[in-house]
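1. Fold the stuff below for me.
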Amino acid sequence: MKFFTTLLFTCLILSILQAQESDINLHFLDINKDKPGAEYKFTFVHLTDVHIGEGDEDGDYGTEGYVDLPPDGDIGYPAERLRKTVNWLNQNHTAYGIDFIVVSGDLTDSGEESEFYKFKEIMSSLEIPYVPLIGNHDVWPYTKDTVAPLPTGDSLINTIFEDVYEANKLFFDAWDDGTRLTKVYNPQSNNYNYLQNFSFVYQGFEFLMLDFDTRHPARNNEPGIGPEAEIMDFEGGSWDWTKNKIENSPYLGDQNLFIVSHHPPVKELWGILYAFDIEETRSIMDFLFQYKNHIAVWLAGHIHRSLVYNVGTVGLQPYQVLRCAETAANKEYDKGLVRLVDVYESSISTFVDDQMLMNNIDIYPNPSSQLFNLFIKDNDNKYVEADVFNNTGQLVWSSTLTLDHNTRLFSIDLANQAKGIYHLRLKNGDDMISHNLILQ
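-> A predicted model of the protein is given here:
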């Protein structure tokens, strides 16, 4: 009798757990789990593409106009599905060890104030913190009858979520408002923006929340903005801030940097149509290459699919830079969808080989007017692949260096190149490093 009672109780527990899991679609991602000596640190949730207001029959969510109030109740299927997601998170965040949530954009469908307020109303019932980030649907408010004269969604986010960000400053370490509260002139779209770039640290892991949403109006006289991304490479722009933040970060460690944006750095056809163009991708990956050992993952949404893949430099022989994880749209799943990210940390450094390679080279003179001497000291590999790129990512010099006991000194001739900074990359087996060459 005791056996059957135990069996019945076990079946009951399993049925409850299955019922709980069936209340949401779960996707998973492990960070650093396979590294030697990896120890579990924490779990957070990636949520994206909520699109409050989508499917509204009147084309005007809430009260009239885009400066409006939300409806009573969870009106619309995106709101209903977000509510289910929040309810599941409240019921299960302790069991799954979920500490917080990052939301990578498209909180709304058309940037109406009512849509932002409804999103916030539902998310405010969470028992754990959440960090909202702007998406392309959040940038330019409109309804079926009226369109805002300017892309003021970023200003709305600052106002509506001010208390959310202030609370996050108490929860996370090293919170940096970045460009979020600074109005900057955007020469690409000829308007002023509050670009939503900011960062924070949690248990030694740094999170960069990045705004690459274009501020151009959509093509073909459609309302809002288009789906494409822009790195906004100008003074005070998103790419300018991102590079400075990474270059000067005191927190960089072994794969402990999370990059979060609405758009993914995808290089397939989707990227050309819905994300970064090829030259922007080249710029991103060329810069991030030198920090590849620090990057844990790039999290994104936008394309409404769940996919994990590697992204490398642009060229005939691309070098792997980072792993990207796209999470599918919450609004497209009746029970909602989130990605659980389990984060591990290794006490064993993985930089040994890269550091050995860096310590085993000398480059002189640098700066130089033409020739750079590259001296490679003791090395177990017979070959080192050497490539030099200019600042636009164009390959200007390349060679496979054959090493033996008598040949360790090589020349890099940039006599026919314009003055400026060039990037030397050395690939030694599975390890790569980057070094700047100054041609003057």
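
2. Under the pLDDT cut-off, which ranges of the stretch 251-400 of the chain? List them.
-> Along the stretch 251-400 of the chain, the model assigns pLDDT under 70 to residues 270-271, 347-359, 378-382, 391-393.

3. In contact with Pro129: list those residues for me.
-> Contacts here follow CB atoms under 8 Å, 6 or more residues apart in numbering; on that basis Pro129 touches 99-101, 167-168, 171-172. C-beta coordinates here come from the backbone N, C-alpha and C atoms, glycine included.

4. Quick one: buried ones out of those?
-> The neighbour-count test (16 or more other CB atoms under 10 Å) applied to the contacts of Pro129 identifies 99-101, 168, 172 as buried.

5. So which residue is dead centre in this protein?
-> With distances taken as CA atoms, centre = their mean, the residue of the chain nearest its centroid is Val260 (2.5 Å).

6. That one against Leu299, yeah?
-> Yes - taking contact to mean CB atoms under 8 Å, the distance of 4.8 Å between Val260 and Leu299 places them in contact.

7. Quickly list what's touching both of those two.
-> Jointly contacting Val260 and Leu299 under the rule CB under 8 Å, 6+ apart are 46, 102, 104.

8. so which of the residues you listed comes closest to Gly253?
-> The shortest separation between Gly253 and any of the shared contacts of Val260 and Leu299 is 19.5 Å, and it belongs to Val102 (by CB to CB).

9. Is the closest residue to Gln255 other than its chain neighbours within a helix or a strand, and which one?
-> Distances taken as CB to CB, 6 or more residues apart in numbering put Ala296 closest to Gln255, at 4.7 Å, once the chain neighbours are dropped. Ala296 is part of strand 295-300, with elements assigned from DSSP states H and E.

10. so is the residue nearest to the centre of the chain in a helix, a strand, or just coil?
-> strand (DSSP: H, G, I helix; E, B strand; the rest coil).

11. Tell me which residues touch it, please.
-> Residues near Val260 by CB under 8 Å, 6+ apart: 46, 102, 104, 133, 207-210, 298-300.

12. quick one: it from Cys324, how far?
-> The span separating Val260 from Cys324 equals 11 Å under the rule CB to CB, to the nearest Å.

13. Need the residues touching each of the two.
-> Common contact partners of Val260 and Cys324 (CB under 8 Å, 6+ apart): 298-300.

14. Which of those has the largest number of neighbours?
-> In terms of neighbour count, Ala300 stands highest of these at 28 neighbours, by other CB atoms under 10 Å.

15. wait, it sits on Phe276?
-> No - proximity of Ala300 to Phe276 does not meet the contact threshold set by CB under 8 Å, at 11.0 Å.

16. Next, show the common contact partners of those two.
-> Shared contacts of Ala300 and Phe276 (CB under 8 Å, 6+ apart): 263, 265.

17. can you tell me which residues contact Phe276?
-> Phe276 makes contacts with 212, 228-231, 263, 265, 284, as judged by CB under 8 Å, 6+ apart.

18. re earlier: looking at the contacts of Pro129, which is nearest Asn190?
-> Lowest distance from Asn190 to the contacts of Pro129 (CB to CB) belongs to Asn168, with 32.4 Å.

19. that older thread, tabulate the buried ones among the contacts of Pro129 (JSON lines), appending distance to Pro141.
-> Shown next, in JSON lines, are the buried ones among the contacts of Pro129 (distance: CB to CB, whole Å):
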{"residue": "Asp99", "distance to Pro141": "33"}
{"residue": "Phe100", "distance to Pro141": "28"}
{"residue": "Ile101", "distance to Pro141": "25"}
{"residue": "Asn168", "distance to Pro141": "24"}
{"residue": "Phe172", "distance to Pro141": "29"}
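
20. Tell me which entries of those lie within strands.
-> The subset of the buried ones among the contacts of Pro129 located in strands under the criterion DSSP state E comprises 99-101.

21. correct me, but Gly315 touches Arg425?
-> No - using CB under 8 Å, Gly315 and Arg425 do not qualify as a contacting pair, with a distance of 10.4 Å.

22. Can you show me the helices along the stretch 51-200 of the chain?
-> 77-96, 113-123, 153-160, 162-171 (DSSP state H, counting those that start in this stretch).

23. what's the closest of the ones you listed to Gly224?
-> helix 153-160 (9.1 Å).

24. which helices and strands does the closest one pack with?
-> Helices and strands touching helix 153-160, by 3 or more CB pairs under 8 Å, 6 or more residues apart in numbering; DSSP states H and E, are helix 113-123.

25. How far off centre is the helix it packs on?
-> The chain centroid and the centroid of helix 113-123 are separated by 23 Å, computed with CA atoms, centre = their mean, to the nearest Å.

26. can I get the CA coordinates of that helix in CSV?
-> Listed next in CSV are the C-alpha coordinates belonging to helix 113-123 (Å, rounded to 0.1, in the frame of the first residue of the first chain):
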residue,chain,number,x,y,z
GLU,A,113,1.5,56.0,-24.7
SER,A,114,-1.4,53.7,-23.9
GLU,A,115,0.6,50.8,-25.1
PHE,A,116,3.6,51.7,-23.0
TYR,A,117,1.4,52.2,-19.9
LYS,A,118,-0.3,48.8,-20.5
PHE,A,119,3.1,47.1,-20.8
LYS,A,120,4.2,48.7,-17.6
GLU,A,121,1.0,47.9,-15.8
ILE,A,122,1.4,44.2,-16.5
MET,A,123,5.1,44.1,-15.8
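
27. what angle sits between that helix and helix 162-171?
-> Put simply, helix 113-123 runs at 40 degrees to helix 162-171, going by axes from the mean of the first three to the mean of the last three CA atoms, to 10 degrees.

28. measure Tyr192 to Ser155 for me?
-> The span separating Tyr192 from Ser155 equals 9 Å under the rule CB to CB.
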